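Colleague: sequence and predicted structure below; questions after.
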Amino acid sequence: MKRATAYVTAAMLTASAMLAGCARGRELPMTTLSPKSDLAEWIYRLLIEVTLWDTLVFVVVITIFVLGLFVFSTRVGEAAPPSTAESDLKLEVAWTLGPALILLMITIPTIRTIFRSQPNLPPAGSLQIEVVAHQWWWEFHYGDKNQIVTANELHIPTGVPIRLNLRSADVIHSFWVPQLGGKRDVVPGQMNELTFIATIPGMYPGQCAEFCGESHANMRMRVFVETPQQFAEWEKVQVTAPPAAASITDPAAAAGAQAFANSPCTTCHRIDGVSKGYMGPDLTHFGSRTTMAGAIEANNPADVAQWITNPAYVKPGAEMPALGLSGKNLDDLVAYLESLK
Ligand code: CUA
């Protein structure tokens, strides 16, 4: 008995150490048990409902098992009683119908949730956002003319139906923000949708949930759920073009703007009014983001400089090449990027 207790204690300590390890990561823990949208709430309720039925099955099975072991069994030295087995129609009907009914009680809410969570058409008045999955980062387009293009950080208002139109630029990915809803695969050559209404403001971390290559684990994102007013303010800033190079007052940022305009960065990155690249993240409002590089790094000058110096060190397999910038050139470029609020 003592040994069994020791085993159970050891298992519990290991499990709690592992959970604590997850919580200490760079992101807040991603959880499905704290829903912040209607979709996540439906899935959470379904989980609870199914778990209750499972618990009932568990209790019945374990009770019969324990009775069989300790009550209706022969003791050592006792002769086995003659078999009294005979067919019992009522019992047979009961153990056939019982499990079938429980299965039905699990199937009905499951199918109802599946249909409820996947409306064919976007709900009236919904905010449609195009999500493009890349190896290894997320791109978000707002408005029918792509008035806002951002990366790794999605901003949405509460109380408004959100319709995400998900497509892939390369391989199969999966969009997953646990507190806002279930996973949705992002498949090349196909548009998949995710529809939900966020209910509670906050920052909810997400993660690509389908193995998509070397840096799959580095393909994270953040969703900022804001009040409609906060969202409108964010939107207003994002649709504003950044200041032209000539009107930048900070000398380092001004030098950085020059360096950017003359660098190969422009081939892959767009900055409104400066460059038209589209392979990498749009940097028009780079400085307004809290993270970068697939949301695995904080957006601060030191980390941005490290990223530019050696992208593949931060995110193995990253397509961005090391451009060999250093010293003042690097600092100026970082100052310019951070100034793009
Ligand atoms: Cu994208 Cu895993």
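Modeller: The structure has been received and is ready for your questions. Source: prediction; values computed, not measured.

Colleague: now do the helices in the chain.
Modeller: Assigned by DSSP state H, the helices in the chain fall at 2-23, 38-70, 89-116, 228-239, 251-261, 265-268, 301-309, 311-314, 327-339.

Colleague: now for the ones you listed, which one comes closest to the ligand?
Modeller: The minimum distance between the ligand and the helices of the chain falls on helix 311-314, with 16.5 Å, by CB to the nearest ligand atom. To be clear about C-beta, it is placed using only N, CA and C from the backbone, and glycine gets the same treatment.

Colleague: which non-adjacent residue is nearest Pro81?
Modeller: Leaving aside its sequence neighbours, Pro81 sits nearest to Thr74 (CB to CB, 6 or more residues apart in numbering; 7.1 Å).

Colleague: next one, pLDDT for the one you found please.
Modeller: Confidence at Thr74, expressed as pLDDT, is 82.

Colleague: and the gap between it and the ligand?
Modeller: As judged by CB to the nearest ligand atom, to the nearest Å, Thr74 and the ligand stand 57 Å apart.

Colleague: ok, that residue touching Ala80?
Modeller: Yes: in this structure Thr74 lies within contact range of Ala80 using CB atoms under 8 Å: 5.5 Å.

Colleague: which residues does the residue of the stretch 51-200 of the chain found nearest the ligand form a beta bridge with?
Modeller: Closest residue of the stretch 51-200 of the chain to the ligand, CB to the nearest ligand atom: His173 (3.4 Å). Beta-bridge pairing of His173 under DSSP bridges involves Val186.

Colleague: burial count for it?
Modeller: Neighbour count of His173, defined by other CB atoms under 10 Å: 30.

Colleague: let me see the contact set for it.
Modeller: 133, 185-186, 208, 210, 212, 219 (CB atoms under 8 Å, 6 or more residues apart in numbering).

Colleague: got a winner among these for most neighbours?
Modeller: Taking other CB under 10 Å as the neighbour criterion, Val186 ranks highest of the contacts of His173 with 29 neighbours.

Colleague: show me the contacts for that residue.
Modeller: Contacts for Val186 (CB under 8 Å, 6+ apart) come out as 131, 133, 166-168, 172-175, 192, 210.
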